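Undergrad: no sequence on this one, just coordinates:
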Ligand code: MN
């Protein structure tokens with residue numbers, strides 16, 4: 001039985017309004033959790049780790065499990081008092097993109113340019129090289145053997161109450177709440 005993650009903060013306003021956070025976490029993510037629990041009730045998947053379900057399933061089970069994994073990574077990467085970039089991840093980003101700003105620009109552009117609903121990801125390959133990828137629907141880079149580090153949700157439910165159609169403005173605002181200590185831990189663990 002999967003449960004809704006608890007948020008490690010009370011608010012992310014004004015970057016993400018309390019109303020958006022309440023709907024996104026308490027309604028959208030809760031629905032994915034409820035749906036997955038119904039779909040796997042009484043099957044062997046009940047005892048499997050979420051990531052394994054995402055890697056091995058399809059259809060409704062994949063969509064709901066993927067959305068839970070994606071949102072768990074998404075919600076836990078933010079902070080009201082975020083740490084600035086530091087450490088090995090920052091060095092690798094600068095090695096590949098030159099500057100943090102150049103990386104952020106490309107990441108935002110890939111998120112803005114993704115057609116329809118989905119996610120933009122920064123992930124690591126097994127040799128530590130970083131890649132930015134777009135996933136539509138509930139896609140997660142673990143299905144391609146990548147290690148997810150950072151993700152921006154570009155489903156309209158993530159920003160429509162606050163930014164309406166201005167997806168690009170929403171993505172660019174998110175940088176101010178990204179906690180780079182979390183990303184560093186994901187990259188180096
Ligand atoms: Mn979402």
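TA: Happy to help now that I have it. Computed from a prediction, not measured in an experiment: that's the story for all the values here.

Undergrad: show me what counts as buried in the helix ranked longest in the chain.
TA: Longest helix of the chain, by residue count under DSSP state H: helix 59-75. Residues of helix 59-75 classed as buried: 61-71, 73-75 (neighbour count, 16 or more other C-beta atoms under 10 Å). In this view, the C-beta of every residue, glycine as well, is placed from N, C-alpha and C.

Undergrad: residues in contact with residue 68?
TA: Contact analysis of residue 68 by C-beta atoms under 8 Å, 6 or more residues apart in numbering lists 2, 29, 32, 33, 36, 50.

Undergrad: which ones among the residues you listed are found in helices?
TA: 32, 33, 36, 50.

Undergrad: I figured the third one hits residue 66, correct?
TA: By that I understand residue 36. No. Counting by C-beta atoms under 8 Å, residue 36 stays clear of residue 66, with 9.6 Å between them.

Undergrad: just the pLDDT at the residue of the chain found nearest the ion, thanks.
TA: Relative to the ion, the nearest point of the chain is residue 153 (4.2 Å; C-beta to the ion). Listed pLDDT for residue 153 reads 98.

Undergrad: now do it against residue 40, distance only.
TA: Applying C-beta to C-beta, to the nearest Å, the value for residue 153 to residue 40 is 23 Å.

Undergrad: so for these two, which sits in the more crowded spot?
TA: The residue with more neighbours, out of residue 153 and residue 40, is residue 153; 24 against 20, by other C-beta atoms under 10 Å.

Undergrad: what sits against the more buried one?
TA: Contact analysis of residue 153 by C-beta under 8 Å, 6+ apart lists 24, 70, 71, 74, 119.

Undergrad: now tabulate those residues in JSON lines and tack on pLDDT and distance to the ion.
TA: JSON lines is the format used below for these (pLDDT from 0 to 100; distance: C-beta to the ion, whole Å):
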{"residue": "24", "pLDDT": "98", "distance to the ion": "6"}
{"residue": "70", "pLDDT": "98", "distance to the ion": "7"}
{"residue": "71", "pLDDT": "98", "distance to the ion": "6"}
{"residue": "74", "pLDDT": "98", "distance to the ion": "7"}
{"residue": "119", "pLDDT": "98", "distance to the ion": "8"}
